[in-house]
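J.: quick check, what structure comes out for this input:
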Amino acid sequence: MEPQHIVSIDEIELHSRKIVKMVAGEGSSSHDRPATIREERIKTLMGARAEMEAAKEAKIQKVIFLLQDHKLVKYFEPKVASLGPIHHGKPKYHLGEKYKQILAFDFVQDCNSDNENNYEYINCLYEKIKKKINTLRKCFEEEVTTEYDDESLAWMLFVDGCAILQYIFCAANNKFEKLNIKNDSVTFAQQDLFLLENQVPYRLLKILMRLSGKEAQLSESIESYIRNVSYLQWEQKKQEERDPTHLLDLLRTRLLGPLQSPGKTRKRPCRKIRQEDSQDWQSYRNVQELKAVGIQLKRSGRNYLRNISFTRLFDFYPGYLWLPPITVDDSTGPQFMNLIAYEMCLDFHNDFGITSYVSFLDSLIDEASDVKDMRKAHVLRNCLGSDQEVADLFNDIGTDLVPNSETYKDVKFQIQGYYEDNCMTWMAQFFHDRFSAPWTVLGFLGVLVGLALTVIQTWYAVRQ
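T.: Residues are numbered from 1 along each chain as shown. Predicted coordinates:
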């Protein structure tokens, strides 16, 4: 081998050191690099905390990983149409995209009261949405909008927002016939509107309502639609403390109703359990066991899910558990599962109102007979099918829920105190044995009449 091709070992080692330095940081010293990495990690750690605390409202995001393996995970997937960026572009929603475009164009035509050129009017509305795209993008978790540039995201939100408003307006005013949209598509689309992964910012809807020139009419349509979907009737809408994050957030607010002022319910001392342990102690399992000790179900006067209470007749016997009426149909499972998923979002600070309600209802419903008694008490309307199907649904939804221990604490404490009172059990057994059937009531009345006649006869005998 010629001398010019011979490379010394020292030259090889020197070259290797240069490569190591370049990989480590473009020639920076090996002592500086670990310090830089540590500084970046600390800043990331501090930034994550600051970002969480600075969040004023929950961002639109995917369902939390804790629910991805849930038995009812199918309830998180849209059926006919994708809304927003998370499921956008999937082939299975191609037909839904056509319906959205029909609804969006119909919305534009209804808003175009001055009969301007539709092309120019659409372009004008779109440009106003595009100017707000930076604000609207911040309403989403960063990972769900990364693949969309401002142009494509703005157009997607424009079409989806117009379609949502027109759909709700048509549903609230029974105007789907002129659009040739079938009832089954309307029903499935209704479920899709309240999926966590299918939301658009409510501020987008407010911008479009303001630009439409009929903001009051569209806003009232949303309120009317939410009432119909939830089967609830509530008082005239009051001034909101905050704007809803999206439609699912608005549905949650309307279902739960206003927060109850503390101290409304009265606590009775419990003979066998301590009050501080009552929130973790519940020996009754279902409606049947409550019924056995004389607790009856009653329909609450107000429909809000927070409106659950417990009272006693003459502060003694029997006990009454007051529940808001609920209608169970095909939409109940998807609604509750997505509301629970929304409450579990890490950036949504809330009192787990829906989770606590479902957990409480799950503690009452164990079998079909529990559902039957709830139907008889008019606190549950079964539009799903058999009573066993309703029981199975709530047992499935209630799996692995972590409710707020403070919610319904007073009610649970009073029920448990009543349940643990042996006197109440004896009273319930007495009334069951003596008055469970008409002939037993007649027999008991006959005995009373006989005793009364005997007393009267004895009294006259003594007088004589």
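
J.: that's a helix at residue 254, yeah?
T.: Yes - under DSSP: H, G, I helix; E, B strand; the rest coil, residue 254 falls within a helix.

J.: which residues in the stretch 251-400 of the chain form strands?
T.: For the stretch 251-400 of the chain, the strands defined by DSSP state E, counting those that start in this stretch cover 295-299, 309-312, 319-323, 326-328, 380-382.

J.: turn the ones you listed into TSV, including distance to residue 365 and mean pLDDT.
T.: In short, each C-beta sits where N, CA and C put it, glycine included. Listed next are those as TSV, based on distance: least, C-beta to C-beta, whole Å; pLDDT from 0 to 100:
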stretch	distance to residue 365	mean pLDDT
strand 295-299	11	93
strand 309-312	17	92
strand 319-323	11	94
strand 326-328	10	94
strand 380-382	9	95
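
J.: what are the contacting residues of stretch 128-135?
T.: Residues from elsewhere that reach stretch 128-135, judged by C-beta atoms under 8 Å, 6 or more residues apart in numbering: 136, 150-151, 153-154, 157-158, 161, 203-204, 207-208, 211.

J.: quick one: contacts of stretch 332-348?
T.: 52, 55, 57-59, 61, 63-64, 66-67, 70, 72, 75-76, 191, 194-196, 248-249, 251-252, 255, 326, 350, 352-355, 358, 384, 393, 396-397, 401.

J.: could you give the average pLDDT over that stretch?
T.: Confidence for stretch 332-348, expressed as mean pLDDT, is 96.

J.: how far is it from where the chain is centred?
T.: 4 Å (C-alpha atoms, centre = their mean, to the nearest Å).

J.: can you give me the buried ones in that stretch?
T.: By neighbour count on 16 or more other C-beta atoms under 10 Å, the buried set for stretch 332-348 is 332-345, 348.

J.: before we move on, back to that, are any of the contacts of stretch 128-135 buried, and if so which?
T.: 136, 153-154, 157-158, 161, 203-204, 207-208.

J.: and those, which two are furthest apart?
T.: Taking C-beta to C-beta, the two most distant members of those are 153 and 208; they sit 15.4 Å apart.

J.: with only the CA atoms kept, save stretch 88-103 in CSV.
T.: Extracted C-alpha coordinates of stretch 88-103, given in CSV (Å, rounded to 0.1, in the frame of the first residue of the first chain):
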residue,chain,number,x,y,z
HIS,A,88,-62.9,15.1,9.3
GLY,A,89,-62.1,13.4,5.9
LYS,A,90,-63.0,9.8,6.9
PRO,A,91,-64.6,8.0,3.9
LYS,A,92,-67.5,6.7,6.0
TYR,A,93,-68.8,10.3,6.4
HIS,A,94,-68.8,11.2,2.7
LEU,A,95,-72.6,11.2,2.5
GLY,A,96,-72.7,13.3,5.7
GLU,A,97,-70.5,15.9,4.0
LYS,A,98,-73.1,16.3,1.2
TYR,A,99,-75.9,16.9,3.7
LYS,A,100,-73.7,19.4,5.6
GLN,A,101,-73.1,21.4,2.4
ILE,A,102,-76.9,21.4,1.6
LEU,A,103,-77.6,22.7,5.1
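
J.: tell me the buried residues in it?
T.: So stretch 88-103, judged by 16+ other C-beta under 10 Å, has buried residues 88, 93, 96-97, 99-100, 103.

J.: quick one: which of these is nearest to residue 226?
T.: Closest to residue 226, out of all of the buried residues of stretch 88-103 and judged by C-beta to C-beta, is residue 103, at 18.5 Å.

J.: C-terminal to the helix or strand containing the closest one, what's the next element?
T.: According to DSSP states H and E, residue 103 maps onto helix 94-111. Following helix 94-111 in sequence order, the next helix or strand is helix 118-131 (DSSP H and E).

J.: tell me what angle that next one forms with helix 94-111.
T.: 100 degrees (axes from the mean of the first three to the mean of the last three C-alpha atoms, to 10 degrees).

J.: in helix 118-131, what counts as buried?
T.: 121-122, 125-126, 129-130.

J.: after it, which helix or strand is next? Please name it.
T.: helix 133-137.

J.: state the mean pLDDT of that following helix.
T.: Here the average pLDDT along helix 133-137 is 97.

J.: can you tell me how far the residue nearest the centre of the chain is from residue 355?
T.: Central residue of the chain (C-alpha atoms, centre = their mean): residue 339, 1.9 Å from the mean position. Residue 339 sits 8 Å away from residue 355, taking C-beta to C-beta, to the nearest Å as the criterion.

J.: show me the contacts for residue 350.
T.: Contacts of residue 350 by C-beta under 8 Å, 6+ apart are residue 343.

J.: low-confidence ranges in this protein?
T.: 1-32, 47-56, 233-241, 260-281, 421-445, 447, 464 (pLDDT under 70).

J.: cutoff 50 now
T.: Low-confidence segments of the chain, defined by pLDDT under 50: 1-9, 12-14, 16-28, 239, 263-279, 430, 432-433.

J.: how does it divide up, domain by domain?
T.: 3-54, 73-234+242-256, 275-420, 428-463 (automatic domain parsing).

J.: circling back: and which of the buried ones among the contacts of stretch 128-135 is nearest residue 460?
T.: Distances from residue 460 to those, taken by C-beta to C-beta, are shortest for residue 203, at 86.5 Å.

J.: hang on, the closest one is in a helix, isn't it?
T.: Yes - under three-state DSSP, residue 203 sits within a helix.

J.: residue 213 against residue 111, yeah?
T.: Yes - in terms of C-beta atoms under 8 Å, residue 213 counts as a neighbour of residue 111; the distance is 6.1 Å.

J.: what about residue 299, distance to residue 59?
T.: 38 Å.

J.: the two: who's more crowded?
T.: residue 59 (17 against 14; other C-beta atoms under 10 Å).
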